[in-house]
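Chemist: quick one, fold the following:
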Amino acid sequence: MKRAASEVVAAVTLLTVAALVGLTVYAYFANTLSGYASSYSSTSELERRATLEKFVIVSVWVDPATGLVNATVYNSGSINLVLSAAYINAVKASELIEGFNQPFQPGRLFKAVFNSPVPIEAGTSYELTLASSSGVTVKAVFKA
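Modeler: Sure, this is the predicted structure:
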């Protein structure tokens, strides 16, 4: 009888340990997979926005004397557009004056005004790059 009781206690202890190990493994993987799912969700939302966001630089006007750049932009996408940065010849502009960090509706023209980060010389060609808040970039070459 003593022997039977110790076998029952051993079996119950073994089942309890196995159940705890199983629960621990389940909790670990459930937590890990939920972290992947949330990071995938935020990445796919950014990609979805980038797919729906389209814009073109219609014209560029620049004043070589002051370095003021005025770009006319058309939001041809299906969601609001928020410009976040401007570059001239891959140099980021630090003085964004108008048309940045605010939403512009689809189907609308608007202007983006900023001071050039590089000296502008009349008759020279430059590459303008505008970037949206979701990472979409559009380039245009203009002559001062």
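Chemist: so how far is the lowest-mean-pLDDT helix or strand in the chain off the chain centroid?
Modeler: The weakest-scoring helix or strand in the chain, judged by mean pLDDT, DSSP states H and E, is helix 2-52 (a mean of 78). With Cα atoms, centre = their mean, to the nearest Å as the basis, helix 2-52 stands 31 Å off its chain's centre.
Chemist: partner strands of whatever helix or strand comes next after that helix and their direction?
Modeler: For helix 2-52, the following helix or strand on the C-terminal side (DSSP states H and E) is strand 55-63. If you go by DSSP bridges, strand 55-63 pairs up with strand 68-75 (antiparallel).
Chemist: pop the domain breakdown of this protein in here.
Modeler: Listed domain ranges for the chain are 1-51, 53-143 (source: automatic domain parsing).
Chemist: winner for burial among those?
Modeler: Neighbour counts (mean count of other Cβ atoms under 10 Å) averaged over each of these peak at domain 53-143, with a mean of 16. Placement of C-beta: from N, CA and C, glycine included.
Chemist: ends of it, what's the gap?
Modeler: When the termini of domain 53-143 are compared using Cα to Cα, to the nearest Å, they are 27 Å apart.
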